[in-house]
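# Test case, fold it:
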Amino acid sequence: MFLTENPSFKRRLIITGLSLFAIVVMAASAIYLAARQYSLYLERSSHAQHIYSSYLAVSDHTYRKLSAMGEIVADGSFLDLEERYRNQKGLVDALKKVRENIDAELTHLGSVNDTAELDHFNEIETLAEEIIRGSEVVRNSVGTDDRGAAKKALDRLRSEEIEGKFNSLIDEALEEELREVRETQRVARELNGFLTKLLPFLVVFFLLFVALLIFATWQALTRSLRLFETAAEAYRKGDFDYRIQKVEEAEFADLADALNNMAAEVTLQREKERISQENLETLVRVRTHELESSNTKLTVISETRKQFLADISHELRTPLTIIQGESDVALRGGEKSVDQYIDALSRVREQSIHTARLVQDLLFVARTEDGKAPLHKRIVTVQPLVQEVCNDFRHLAAESEVEITENFSSVDLLVNLDPGKFKQVVSILLDNAVRYSYKNSRIEVKLHQNNHQAVLEVIDTGIGLSSSDSSQIFSRYYRGNDGAGAPTGTGLGLPVAKAIVDAHGGNIYLVGKQGIGTTATVALPIENQLREQA
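Take a look at the predicted model:
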């Protein structure tokens, strides 16, 4: 019917899918219920067989018990006591097994309220217990040589009231269990036959329904796909003015609109591509000019590097020359006093320390660039380290008639760092500030917290920075204008400071104006576990 009414493709799929799902669910439910019923009957048959076997065991042990009692009375003496007790234990165990099987059957099948079978067994159990007690009377009478009493007790056990009724109850129980076994097996066979006949019909019906669904879906797909194939062929040939006409299925109508929009967009994109090509050519020209500028800068850097190497050679040559000269003076000539030797060795040691520090700084910068900076970090309070360096530089600043002031708004900032390297950074910044400050000026050292960072600022009112200095101040091979009267350096201090700060995951930068002063800022991260304390 859904083929003639021509509903939308999506609705057709939903209707057929729900119908198929309903059919599958009903068929599966029917099969499941039948299989479940079949399984229940098989389990019931199994329980009945177990009960039947248990009743047979009760009957057998009771027969043996009574037979043994008859032989004891006839002979007037005890026979095999072990065999007699084994029969009695077997009878008790068999009765227990019957009760367990009955309880299991009633519990498993949900028939806990059906007490008829249990009542029947209770009667059998009562008679069996009376037979056991009677056998004890027979045994005690024979033991006291009272054969008359023993025969009387045995006759009572053999009476119709006890043995006859017991056998009758056992026979009824066995017959009931046999009937139940035959009944459950019959029903199970009928269910099995029903399932065997039902499955082929379900399979055939399912296959027919699936075939009908596939056919309907194929018809709807091919009708719309032909339109799309025609459009694709037109687009392949470059005819993007072609438009797909109305499509019956609503779902494919959206796709048709999308393809029509795509064709219009392609035309627009072609125009944009032409404009982009022109822009790209312009950008290439700009990038080429920038590359030329970069090459020029690299040339300058190369020249600066050469100058740096020359300066380093000079810096190393000077202390080495002093060391050699002092050594020659100490070794030349006649005997000298101990003070003269000590003075010569002190100058040698001083120059050795200066040379070693210079080499260590170069090695640290190189290792930092390789990501292998040697640090010995621990959690420390920053303020005492900064205070210590400020105290060390007060004498040097006083010689240059410069005052060092401190402004610590946060005195308990905890940071995970290498104390020695951090003090070296502060020393480099203070040394530069003192070196490039005017006389009778002031250097302010500030320490505070900004968000999750410990921030150190060294602010001077010295010669400041030019624009060229600002762009290359941290270059290893750059040495800026030292200003009138300032001592000449190697240009290695700030690169070393930057390498140390980078190795700690922080930031360092200098901001200044020529003739006004410079502000050097160091920001180090405060660890997450330390922020609450900070």
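
# Give the buried residues for stretch 226-237.
Using 16 or more other C-beta atoms under 10 Å as the test for burial, stretch 226-237 gives 227, 231, 234. For glycine as for every other residue, the C-beta is placed from the backbone atoms N, C-alpha and C.

# Looking at those residues, which are in helices?
227, 231, 234 (DSSP state H).

# Now do the same for the closest residue to the last one other than its chain neighbours: helix, strand or coil?
The reference is to residue 234. Nearest-residue entry for residue 234: residue 242, 3.8 Å, with adjacent residues in sequence omitted and distances by C-beta to C-beta, 6 or more residues apart in numbering. Secondary structure, DSSP: H, G, I helix; E, B strand; the rest coil: residue 242 is coil.

# Need the phi and psi values for residue 242.
Phi and psi for residue 242, reported as degrees, to the nearest 10, are phi -70, psi 140.

# my guess is it contacts residue 232, does it?
No: under the criterion of C-beta atoms under 8 Å, residue 242 is not in contact with residue 232, lying 9.8 Å apart.

# Which parts of stretch 445-457 count as buried, going by neighbours?
For stretch 445-457, by 16+ other C-beta under 10 Å, it's 445, 446, 447, 449, 453, 454, 455, 456, 457.

# which residues of this structure fall in helices?
Listed in chain order, the helices of the chain (DSSP H) span 9-75, 81-108, 116-143, 147-157, 165-236, 250-331, 338-369, 382-399, 419-435, 467-472, 493-503.

# closest to residue 526 out of those helices?
helix 382-399 (9.6 Å; C-beta to C-beta).

# now the angle from that closest one to helix 419-435?
For helix 382-399 against helix 419-435, the angle by axes from the mean of the first three to the mean of the last three C-alpha atoms, to 10 degrees is 30 degrees.

# oh, and call the first residue 49 from now on, that's how I've got it
Sure thing, new numbering starts at 49, so read that last one as helix 430-447.

# on contacts alone, who are the packing partners of helix 430-447?
Helix 430-447 is packed against strand 450-456, strand 462-465, helix 467-483, strand 489-498, strand 501-508, with contacts defined by 3 or more C-beta pairs under 8 Å, 6 or more residues apart in numbering; DSSP states H and E.

# What pLDDT does the model give the spatially closest residue to residue 145 that is not a sequence neighbour?
Here the nearest residue to residue 145 in space, its sequence neighbours aside, is residue 102; by C-beta to C-beta, 6+ apart that works out to 4.5 Å. pLDDT for residue 102: 79.

# Residue 545 too?
pLDDT at residue 545 comes out at 86.

# And residue 236, by the same measure?
Per-residue confidence (pLDDT) for residue 236: 72.

# quick one: it and residue 93 touch, right?
Yes: counting by C-beta under 8 Å, residue 236 touches residue 93, with 6.9 Å between them.

# Where does the prediction get shaky in the stretch 399-548 of the chain?
402, 406, 410-411, 414-420, 459, 516, 518-519, 524-539 (pLDDT under 70).

# With the stretch 99-248 of the chain instead?
Applying pLDDT under 70 to the stretch 99-248 of the chain flags residues 123-135, 156-163.

# tell me the contacts of the residue of the chain most remote from its centre?
Distance to the chain centre peaks in the chain at residue 196, reaching 88.6 Å (criterion: C-alpha atoms, centre = their mean). By C-beta atoms under 8 Å, 6 or more residues apart in numbering, the contact set of residue 196 is residue 189.

# So residue 572 sits against residue 556, correct?
No: when contacts are counted by C-beta under 8 Å, residue 572 is not listed as touching residue 556 (9.5 Å).

# Can you pull the residues that touch both of the two?
Residues touching both residue 572 and residue 556 by C-beta under 8 Å, 6+ apart: residue 549.

# if I look at residue 502, how far off is residue 491?
Distance, residue 502 to residue 491, by C-beta to C-beta, to the nearest Å: 20 Å.

# Apologies, that question was intended for residue 510.
Distance from residue 510 to residue 491, by C-beta to C-beta: 8 Å.

# Overlap in contacts, the two.
481, 485.

# For stretch 521-541, measure first residue to last.
10 Å (C-alpha to C-alpha, to the nearest Å).

# which pair in the buried residues of stretch 493-505 spans the largest distance?
Longest span within the buried residues of stretch 493-505, C-beta to C-beta: 493 and 501, 16.9 Å.

# what about dumping the CA coordinates of stretch 94-107 to PDB?
The C-alpha coordinates for stretch 94-107 follow below in PDB (Å, rounded to 0.1, in the frame of the first residue of the first chain):
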ATOM      1  CA  SER A  94      13.300 -34.200  35.400                       C
ATOM      2  CA  HIS A  95      12.100 -33.400  38.900                       C
ATOM      3  CA  ALA A  96       9.400 -36.100  38.600                       C
ATOM      4  CA  GLN A  97      12.000 -38.700  37.600                       C
ATOM      5  CA  HIS A  98      14.200 -37.800  40.500                       C
ATOM      6  CA  ILE A  99      11.300 -38.100  42.900                       C
ATOM      7  CA  TYR A 100      10.300 -41.400  41.300                       C
ATOM      8  CA  SER A 101      13.900 -42.700  41.800                       C
ATOM      9  CA  SER A 102      13.900 -41.600  45.500                       C
ATOM     10  CA  TYR A 103      10.600 -43.300  46.200                       C
ATOM     11  CA  LEU A 104      12.000 -46.500  44.700                       C
ATOM     12  CA  ALA A 105      15.000 -46.200  47.000                       C
ATOM     13  CA  VAL A 106      12.600 -45.800  50.000                       C
ATOM     14  CA  SER A 107      10.600 -48.800  49.000                       C
END
